[in-house]
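1. Give me a 3D structure for the following:
(chains A and B)
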Amino acid sequence: MDLILEYKAQLVAGTLMTIQLALVSLAIALVFGLLGAWAKLSANRAAQRLAGAYTTVVRGVPDLVLILLVFFGGQVTINWIGYATGLWDYVEISKFVAGAATIGVIFGAYFTETFRGAIMAIPRGQIEAGISCGMPRQLIFRHIIWPQMVRYALPGFTNNWLVQLKTTALVSVIGLQDLVYNAFTAGRSTGQLFTFMAAAFVIYLVLTAISDLVLRALDRRYSRGVVRA
Amino acid sequence: METFLSYIPLDIALIAENFDRFLYGVWVTLNLTFLSLLLGGLLAIPMAIARASRHRVLNPMVWSYTYVLRGTPLLVQTYLIYYGLGQFETVRQSWLWDPILSSAWWCALIAFTLNTAAYTTELLRGAIVDTPTGEVEAAIATGHSYRSRMRRIILPSAFRRAIPAYSNEVIFMLHGSVVASTITLQDILGVGRWLNGRYYLAYEGFITAALLYFLIVFAITRVFRWIERRYLRHLTRRETTKDAPATPEPT
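-> Next up is the predicted model:
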């Protein structure tokens, strides 16, 4: 216990890094999820196909493989483009950017399905009613689709977010100093790996428990008008 | 073919040369994934029954188990077992150390099994709880005891109802098995990382690994589609009369 307190600063910094990474990648995932759902539900064949390919590929390949591919492969690709076009000199991709972008794009595929399901759950008649009242499309989205979509999407959102938060642990493999990385280095230098990994374990558990409680409260709020059997 | 290959900026020959290693990686990945799914599934059945019951001790006990394992990353669980347990002198002195707890393969298997058991317990619990009340009442009315009700009525239909959710768990476990490569095992990703490290490459190993995983996921979804069609046939919609308009098969 004294040892953990001695390394408190490292663990706190790692926890903050993990939270930051999770939130930034969540923002990216939400954007990709909305775009994906919009493409899948659009009448445009090409957009449907593109979104279909996106979700299939991402869900077929493990996250860590994509993280490593983007971090190492992306580095080489960007420098090769820079060299070929003469536009930029050697650049180094930051581990944070590579990790957040990859996890964001991966979970965008899961959010695509969540949002698609949520939009489809809205009775078609309500959207038609909006059209027949002469509402412009943005207004229909803001007043009819969005408030209900949030309610239908919340259970899926909660699940995705919890998985995503845990997935950020994989970024420690490319050396980003997140909670796992810091706990591991502290454990290694003191020879007390169990103590420090257990600390990381408990911190993750607290993070997921808090998320769970908050999102459940939010779910209650958005389903206020719904009668539950 | 020769000219076509030369347009791909990958060293195909090198991948082909090391392909037997990748095949061995496929074996390690499949072995770990399916063995832990099997063991985890066996553990999950009694735990799911406990979770579906109103038992005042067992239910909260199993609930805390699944809550803790589902609330933490698999990577941390694996590190805790593989790197963590060696901290204790008593563990290192025990008979379990030499053949099992000092081996990366066994540690990965233990961590994956405990992890998938937690997820499977919860999805199986959902399927058990969803058993139509009428079926349970009919079983009670015909004099089935709790045991025979569970064995003959509830579990068989619960297993069927759990199939779609379980196919997701299988894919998640396959995805999760890449964690094995972080504790030195040569699974598919492990071989990919080895290849890239050895020849100082950026793409070849990872792209080959990605393709192999993709193929396996594809095969798993195909198998599950077949299983669903076979065992969930009674749940698919069908036409009642000849003249009824044809409805597409629900997918």
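2. so how many other residues sit close to residue 163?
-> You didn't pick a chain, so chain A it is. Residues near A:Val163, counting by other C-beta atoms under 10 Å in any protein chain shown, number 16. C-beta: built from backbone N, CA, C; applies to glycine.
3. right idea, wrong chain: chain B
-> Neighbour tally, B:Ile163, other C-beta under 10 Å: 15.
4. Run through the residues that contact the nearest residue to it once chain neighbours are set aside.
-> In space, and not counting its chain neighbours, B:Ile163 is closest to B:Glu228: 5.6 Å by C-beta to C-beta, 6 or more residues apart in numbering or on different chains. If you count contacts by C-beta atoms under 8 Å, 6 or more residues apart in numbering or on different chains, B:Glu228 has them with B:163-164, B:167.
5. repeat for B:Ser157
-> B:Ser157 touches B:131, B:135, counting by C-beta under 8 Å, 6+ apart.
6. and with 7 Å instead?
-> Taking C-beta atoms under 7 Å, 6 or more residues apart in numbering or on different chains, we find B:Ser157 in contact with B:Thr131.
7. related to what we said a few turns ago, among the contacts of B:Glu228, which one sits closest to A:Gly117?
-> The shortest approach to A:Gly117 among the contacts of B:Glu228 belongs to B:Pro164, at 14.3 Å (C-beta to C-beta).
8. any idea of the pLDDT on that closest one?
-> Looking at B:Pro164, its pLDDT is 88.
9. Need the three-state assignment for the residue lying closest to it once chain neighbours are set aside.
-> Closest residue in space to B:Pro164, ignoring its immediate chain neighbours: B:Glu228 at 6.5 Å, by C-beta to C-beta, 6+ apart. Of the three states, B:Glu228 takes helix under DSSP: H, G, I helix; E, B strand; the rest coil.
10. so how far is chain A from B:Glu228?
-> From B:Glu228 across to chain A, the span is 18 Å (C-beta to the nearest C-beta, to the nearest Å).
11. and what of B:Ala162?
-> In this view, B:Ala162 and chain A are 17 Å apart by C-beta to the nearest C-beta.
12. and that residue, what does it touch?
-> Applying C-beta under 7 Å, 6+ apart to B:Ala162 gives the contacts B:123-124, B:127.
13. swap in A:Ser25?
-> By C-beta under 7 Å, 6+ apart, A:Ser25 lies in contact with A:100, A:103-104, A:107, A:164, A:168.
14. Now it: which helix or strand?
-> Per DSSP states H and E, A:Ser25 falls inside helix A:8-41.
15. Pop out the phi and psi values for A:Asn63.
-> Quick fix: residue A:63 reads Asp, not Asn. When read as degrees, to the nearest 10, the backbone of A:Asp63 gives phi -60, psi -40.
16. what's around it, how many residues?
-> Using other C-beta under 10 Å: A:Asp63 sits among 21 other residues.
17. what's the answer for the one 10 residues further on, then?
-> The local packing of A:Gly73 (other C-beta under 10 Å) involves 18 other residues.
18. Please enumerate the helices of chain A.
-> Taking DSSP state H to define them, one finds helices in chain A at A:2-6, A:8-41, A:45-60, A:63-68, A:74-85, A:95-120, A:124-132, A:137-140, A:146-167, A:179-190, A:193-222.
19. list the buried ones in the shortest one?
-> Going back to what we said before, that points to helix A:137-140. Neighbour counts using 16 or more other C-beta atoms under 10 Å in any protein chain shown place A:Ile140 of helix A:137-140 among the buried residues.
20. which other residues reach that helix?
-> Applying C-beta under 7 Å, 6+ apart, the external contacts of helix A:137-140 come out as A:127, A:130.
21. Please save the CA atoms from it in PDB.
-> Provided in PDB are the C-alpha atoms of helix A:137-140 (Å, rounded to 0.1, in the frame of the first residue of the first chain):
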ATOM      1  CA  ARG A 137     -34.900  18.200 -42.900                       C
ATOM      2  CA  GLN A 138     -32.700  19.700 -40.100                       C
ATOM      3  CA  LEU A 139     -35.800  20.600 -38.100                       C
ATOM      4  CA  ILE A 140     -37.100  17.000 -38.400                       C
END
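22. quick one: average pLDDT of that helix?
-> 90.
23. residue nearest the centroid of chain A?
-> Centre of chain A computed as the mean C-alpha position; nearest residue by C-alpha atoms, centre = their mean is A:Leu26, 3.5 Å away.
24. The helices of chain A: which one's closest to B:Ala141?
-> For B:Ala141, the closest of the helices of chain A is helix A:146-167, at 35.5 Å, according to C-beta to C-beta.
25. Summarise which helices and strands that closest one is packed against.
-> Using 3 or more C-beta pairs under 7 Å, 6 or more residues apart in numbering or on different chains; DSSP states H and E as the contact criterion, the elements in contact with helix A:146-167 are helix A:8-41, helix A:95-120, helix A:193-222.
26. try 10 Å
-> The contact analysis (3 or more C-beta pairs under 10 Å, 6 or more residues apart in numbering or on different chains; DSSP states H and E) places helix A:146-167 against helix A:8-41, helix A:63-68, helix A:95-120, helix A:193-222, helix B:58-70, helix B:74-79, helix B:155-176.
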